[in-house]
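Undergrad: coords please:
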Amino acid sequence: MTSSLPVAIIGGGPAGLAAAAHLVQYKQAFVLFESGPALGTHFLEYGHVRLFSAWRYNIDAASKKLFELHGLALPDPERLPYGKEIAEQYLQPLGELPELKPFIHLNSRVIHLQRQGLDKMKTVDREEKPFELVIENGTGIRKTIRARAVIDATGTWKKPNSVISGGAPDTAAGLVDYGIPAILGSDQKRFENKRVAVVGSGHSAMNSLLDLVQLKKSFPATHITWIVRKDSPEQVLGGGDADQLPERGALGTQVRLLLEQGMVESQTSTFIQSLSQLDEQQVVLGAEQKGRQIELGPYDRVIANTGSRPDFELLREIRYSFDPALESVPALAPLIDPNVHSCGTVRPHGERELRQPEKDFYIIGAKSYGRAPTYLMATGFEQARSVVAHLSGNHEAAERVELELPETGVCSSKPLVFTISGTPSGNSCC
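TA: Numbering: from 1, shown residues only. This is a model prediction of the structure:
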């Protein structure tokens, strides 16, 4: 019978592991598939990045209970973790616990999902059929498993937005850094004494700017340009002292100081329309700026901190829906529109808002937010708790919402890693 099958979780990040931990609490069978070689693979890819939310926002309640059950120490709840620490001090030890480890499959990419024997067009007896997942391991061997429900927690990290407005692919990939490069670490040579353009208005972009200014202290020929679509940088610098996550507010405050000092050149109201390589070493950007066509550059490197978007290819035979603008779960769109909401103004939500046309299929975590940048891990934990409660028959708990989020500012990337004590002078940035 379908009811005897496990719940399948796709993705071994914070939201996926939270779902697993809650299923353990309800004594529900589950399997979890992670495409990478370790849990938290995406966090390891930006392990050098320090988050602006403290550990207390980044550990799921059910997971915390499992740590305590086994007498494992938890990090200081008020400390700010690095990406590497989220993976190595939280997700991976959690996955090693006996309640979870036998049911977690690494190097296991889900490449296809459907109702057993049905494509998305077939309706008769659809809800009575289990789900089928085709999984491919690291050696290319495939197997099929069945599940009574599916939770897609695959995130958006692997699908960055193009640096070109409108999503057209760039043609200078060798000179464009997507993601969060380690400017002061393993990637430093790429940026020393180079002309660098940072594209994007989120906290990832602001941290790239801060790191580049720090690099400029040792390599003064480094030139930094910040390119944003907004009419003014002030529109993206966040809540400052009013932010309930102090490091998030301090981030915008420090970038404002750098702009005032002339350490960073800004190009506002700028929509990049093309990238063209002059040679193997430099690229120029074609853009529209306040209604006129301009050319920016040449630049030696372009850092694309332009956000990311969900990948729906896996779901082509599942009946799912998404908001046409944000690509989020439809019911979330009016709650998370970044033009309106900060993290604290997003109304708490759970299983009801996350329901898809396909019964017992859910998208949670960063992927549920689509292209909106206002996601916090705590949001994914609450989603997991509510969805699992519903799948376990505890509908009262599923309807109850237990989410509290800090107010003010857009949520992404890492915090300032130093304390602002006054206005710097000269070329000092911290």
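Undergrad: Please name the nearest non-neighbouring residue to H70.
TA: Once flanking residues are discounted, H70 sits nearest to L97: 6.1 Å by Cβ to Cβ, 6 or more residues apart in numbering. Quick note: C-beta positions are derived from backbone N, CA and C, even for glycine.
Undergrad: So what's the residue count around the one you found?
TA: 18 (other Cβ atoms under 10 Å).
Undergrad: Please determine how far it is located from L257.
TA: 45 Å (Cβ to Cβ, to the nearest Å).
Undergrad: cool, and L32?
TA: 44 Å.
Undergrad: So the two - more neighbours on which side?
TA: Legend: neighbour count by other Cβ under 10 Å for L32 and L257, higher for L32 (26 against 18).
Undergrad: Secondary structure of the more buried one: a helix, I assume?
TA: No - L32: not assigned to a helix; according to DSSP: H, G, I helix; E, B strand; the rest coil it is strand.
Undergrad: Wait, it touches K101, no?
TA: No - here L32 lies out of contact with K101, judged by Cβ atoms under 8 Å, at a distance of 10.2 Å.
Undergrad: before we move on, the earlier item: residues contacting the residue nearest to H70?
TA: Contact analysis of L97 by Cβ atoms under 8 Å, 6 or more residues apart in numbering lists 66-67, 70.
Undergrad: who wins for most neighbours among these?
TA: Of the contacts of L97, with other Cβ under 10 Å as the count, L66 tops at 20 neighbours.
Undergrad: doesn't it fall inside a strand?
TA: No - according to three-state DSSP, the state of L66 is helix, so it is not within a strand.
Undergrad: Tell me the spacing between it and M263.
TA: 46 Å.
Undergrad: Quick check: A333 touching L326?
TA: Yes - with contact defined as Cβ under 8 Å, A333 counts as touching L326 (5.1 Å).
Undergrad: Give me the pLDDT value at the closest residue to G11 other than its chain neighbours.
TA: Computed as Cβ to Cβ, 6+ apart, the closest residue to G11 that is not its neighbour in sequence is A153, at 3.8 Å. Reported pLDDT at A153 in the predicted model: 98.
Undergrad: give the contact list for A153.
TA: 9-11, 13, 15-16, 19, 363-365, 367, 380, 384.
Undergrad: What is the least confident helix or strand in the protein?
TA: One helix or strand of the chain scores below all others by mean pLDDT, DSSP states H and E: helix 246-261, with a mean of 70.
Undergrad: Next one: the residue lying farthest from the centre of the chain from L118, what distance?
TA: Most distant residue from the mean C-alpha position of the chain: V124, 37.1 Å away (Cα atoms, centre = their mean). Distance, V124 to L118, using Cβ to Cβ: 9 Å.
Undergrad: One more: G307?
TA: For G307 relative to L118 (Cβ to Cβ), the value is 35 Å.
Undergrad: Repeat that for A29.
TA: Shown here: A29 relative to L118, a distance of 23 Å by Cβ to Cβ.
Undergrad: G13 now?
TA: The gap separating G13 from L118 is 29 Å, by Cβ to Cβ.
Undergrad: what about these two, which has more around it?
TA: G13 (26 against 15).
Undergrad: Next, the contact list for the more buried one, please.
TA: Here G13 is in contact with 39-40, 42-43, 91, 153, 155, 365 (Cβ under 8 Å, 6+ apart).
Undergrad: quick check, nearest of these to N207?
TA: Distance ranking of the contacts of G13 against N207, using Cβ to Cβ, places F43 first at 15.5 Å.
Undergrad: do you know how far that closest one is from A73?
TA: Distance from F43 to A73, by Cβ to Cβ: 20 Å.
Undergrad: Can you show me the strands along the stretch 251-400 of the chain?
TA: 265-267, 270-277, 283-289, 292-299, 301-304, 361-363 (DSSP state E, counting those that start in this stretch).
Undergrad: So which bits of the first one are buried?
TA: Residues of strand 265-267 classed as buried by neighbour count (16 or more other Cβ atoms under 10 Å): 266-267.
Undergrad: helices or strands up against that strand?
TA: When contacts are defined as 3 or more Cβ pairs under 8 Å, 6 or more residues apart in numbering; DSSP states H and E, strand 265-267 packs onto strand 223-227.
Undergrad: For the strand it packs on, the averaged confidence score.
TA: 95.
Undergrad: start at 2 instead
TA: With the count now opening at 2, the last piece we talked about shows up as strand 224-228.
Undergrad: and that strand, what other elements does it pack with?
TA: Strand 224-228 sits against strand 196-200, helix 204-219, strand 266-268, strand 293-300, with contacts defined as 3+ Cβ pairs under 8 Å, 6+ apart.
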